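Novice: Fold the following and give me the result.
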Amino acid sequence: MLSRAGGAFFITVLFAASLLVAVVLGAVSGGRAGASTDPSSCVAPLPGAGLAAGKVPAEYVEAIREAAKASGIPAPILAGQLRQESNFNPKAVSHAGARGIAQFMPGTWASYGQGKDPFDPQAGISAQGKFMGELLKQAKASGFAGDPVDLALAGYNAGWGGVTAVGGIPDNGETAQYVTRIRQFANEFAAKDGTDAVTAGEDKGSGDCDLATGTSSGNDDYPFKDLPHCILNANGGYAGCPAGSQSEFNAFHGECVDFVMWRLNQQFGVVKAPWKIMNGNFRPDGGVLGDARDYRAAWENKGWPVDKTPTVGAVVWYGPSNANASSAGYGHVAIVKEVLKDGSFIEEGYNFGFPPDDHKYYTTKRASSAPDNFLHLPKAG
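Specialist: Numbers count the residues shown, from 1 in each chain. Below you'll find the predicted structure:
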């Protein structure tokens, strides 16, 4: 569900730390309870997020991976952008004066090039990641229609001012085609089996990347249900968040993402502070886990499994355009409570509805095709 801060809608994104006294219930038993090994080093199969073997020049693969981590944008998208900008030519110079593998204009390079040679491809790819990361943040905060990654790509091509001027992708005969071609190249560069390899047979992932055997207590054991929560108005927006509504996870009490973080911590065997999963410590680049629409990108940033198959304990992810999401434009997250024999599943979560049913626990039966994806924790080694 939505929250309002500074006039913009968000789903429980809050960056400041909070110290509240928690009412913490007992641990949940199951395959993940008591797990002590951190699986965060696992590079798991992730369709569309890895780079296909032999498609991208090998000398740039690692830099593209690092840029993906820094920006929160999948590596194939960044590779497709380099293909469109320079065809991976580090010495390229455009008629307008853009230089290098990522085609930075001198003024922009001064902000992102860290004083390095614009024709250094490693520096160029690093700058690309930083710039695209900033554009992605602006796109997500803008409220403009369209995929935030597409908006960020448009900003790279036309300038963010050009995107802002029309509230979306400029219809200038170039930018829309630019975005489309990068998406096409990204499909070509993406590993179909989720591996992220330089050459066939290499770098198939590290650690134990089996899916976690998730747990669900089967009931509403969310420990913060009786604490203050943000107040919804009749239109589904927030009228305000009272004192004490900020959660220990750096979200807000009773929100869909707060409940999901509670369940994820349980699956790591953590049921009291210090928490394993919080908004501010999830991504390798230090970025927040974010609101519901950010979850899939956060999983991709970690290299954790994303697929179309429900398993108990997996995060159910509804993208911002999914009709099943209660917050149009911002999506929704929940947890798979039970998988049924017919392939459907029981979903559990919080804050799926409007007053007087907001900020409450719910369960509902869903077809496995209803969400956009299921996000899995990798199994601890």
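Novice: By residue count, tell me the biggest helix in the chain.
Specialist: Ranked by residue count, the top helix of the chain under DSSP state H comes out as helix 121-142.
Novice: Show me which residues of that one are buried.
Specialist: Judged by neighbour count using 16 or more other Cβ atoms under 10 Å, the buried positions of helix 121-142 are 121-140, 142. Glycine gets a C-beta too; all of them are placed from N, C-alpha and C.
Novice: Any idea how far it is from the middle of the chain?
Specialist: Centroid separation for helix 121-142 versus its chain: 15 Å, with Cα atoms, centre = their mean, to the nearest Å.
Novice: How about stretch 352-366?
Specialist: Its chain's C-alpha centre and that of stretch 352-366 lie 23 Å apart, by Cα atoms, centre = their mean.
Novice: ok, now which ones touch the residue nearest to Pro310 when sequence neighbours are not counted?
Specialist: Nearest in space to Pro310, with sequence neighbours left out and distances taken as Cβ to Cβ, 6 or more residues apart in numbering, is Phe345 at 4.2 Å. Applying Cβ atoms under 8 Å, 6 or more residues apart in numbering to Phe345 gives the contacts 310, 316, 336-339, 365-366, 368.
Novice: Next, the distance between the ends of stretch 343-358.
Specialist: Between the opening and closing residues of stretch 343-358 lies a distance of 28 Å (Cα to Cα, to the nearest Å).
Novice: Endpoints of stretch 355-368, how far apart?
Specialist: Across stretch 355-368, the straight-line distance between its terminal residues is 28 Å, by Cα to Cα.
Novice: quick one, strands of the stretch 251-381 of the chain?
Specialist: Per DSSP state E, counting those that start in this stretch, the stretch 251-381 of the chain carries strands over the ranges 306-307, 315-318, 332-339, 345-350, 361-366, 373-375.
Novice: Turn those into CSV, columns for distance to Gly280 and mean pLDDT.
Specialist: As requested, the strands of the stretch 251-381 of the chain are exported to CSV (distance: least, Cβ to Cβ, whole Å; pLDDT from 0 to 100):
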stretch, distance to Gly280, mean pLDDT
strand 306-307, 22, 88
strand 315-318, 18, 95
strand 332-339, 17, 90
strand 345-350, 20, 92
strand 361-366, 25, 92
strand 373-375, 19, 93
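Novice: Go through those and pick out the most buried.
Specialist: By mean neighbour count, with neighbours taken as mean count of other Cβ atoms under 10 Å, strand 315-318 ranks first of the strands of the stretch 251-381 of the chain at a mean of 27.
Novice: Can you give the strand pairings for that strand, parallel or anti for each?
Specialist: strand 332-339 (antiparallel), strand 373-375 (antiparallel) (DSSP bridges).
Novice: Need the per-residue pLDDT for the residue most central in space within the chain.
Specialist: Note on the chain: the residue nearest the mean C-alpha position is Ala297, at 2.3 Å, using Cα atoms, centre = their mean. The predicted local confidence for Ala297 comes out at a pLDDT of 84.
Novice: my guess is it contacts Gly72, does it?
Specialist: Yes - using Cβ atoms under 8 Å, Ala297 is in contact with Gly72, at 5.2 Å.
Novice: can you count the residues close to Ser94?
Specialist: Here the number of neighbours of Ser94 (other Cβ atoms under 10 Å) works out to 11.
Novice: An error on my part: the question was meant for Glu248.
Specialist: Taking other Cβ under 10 Å as the definition, Glu248 ends up with a neighbour count of 25.
Novice: Also Val270?
Specialist: Here the neighbour count serves as a burial measure; for Val270 (other Cβ under 10 Å) it reads 18.
Novice: Who are the contact partners of it?
Specialist: Applying Cβ under 8 Å, 6+ apart, we find Val270 in contact with 276-277.
Novice: try 6 Å
Specialist: For Val270, the contacting residues are Lys276, by Cβ atoms under 6 Å, 6 or more residues apart in numbering.
Novice: Pro355: what's its closest spatial neighbour, skipping adjacent residues?
Specialist: In space, not counting the residues next to it along the chain, Pro355 is nearest to Leu232; the distance is 5.5 Å by Cβ to Cβ, 6+ apart.
Novice: quick one: the one you found and Asp358 touch, right?
Specialist: Yes - using Cβ atoms under 6 Å, Leu232 makes contact with Asp358 at a distance of 5.1 Å.
Novice: now the helices: where do they sit in the stretch 101-250 of the chain?
Specialist: With DSSP state H, counting those that start in this stretch as the criterion, the stretch 101-250 of the chain has helices at 106-112, 121-142, 148-158, 160-166, 175-189.
Novice: Would you mark the buried spots in the first one?
Specialist: So that's helix 106-112. Of the residues in helix 106-112, those with enough neighbours to count as buried (16+ other Cβ under 10 Å) are 108-109, 112.
Novice: Could I get the average pLDDT for it?
Specialist: pLDDT averaged over helix 106-112 equals 95, rounded to a whole number.
Novice: what about that helix, distance to the chain center?
Specialist: The gap between the average C-alpha position of helix 106-112 and the chain average comes to 27 Å, counting by Cα atoms, centre = their mean.
Novice: Could you name the helices and strands sitting against it?
Specialist: When contacts are defined as 3 or more Cβ pairs under 6 Å, 6 or more residues apart in numbering; DSSP states H and E, helix 106-112 sits against helix 121-142.
Novice: neighbouring contacts of the helix it packs on?
Specialist: Under the contact criterion Cβ under 6 Å, 6+ apart, helix 121-142 has outside partners 63-64, 67, 70-73, 90, 100-102, 112-113, 116, 148, 151-152, 155, 160.
Novice: Quick check on Ala251: phi, psi?
Specialist: phi -130, psi -140 (degrees, to the nearest 10).
Novice: mind starting the numbering at 41 from now?
Specialist: New numbering, starting at 41: the last item is Ala291.
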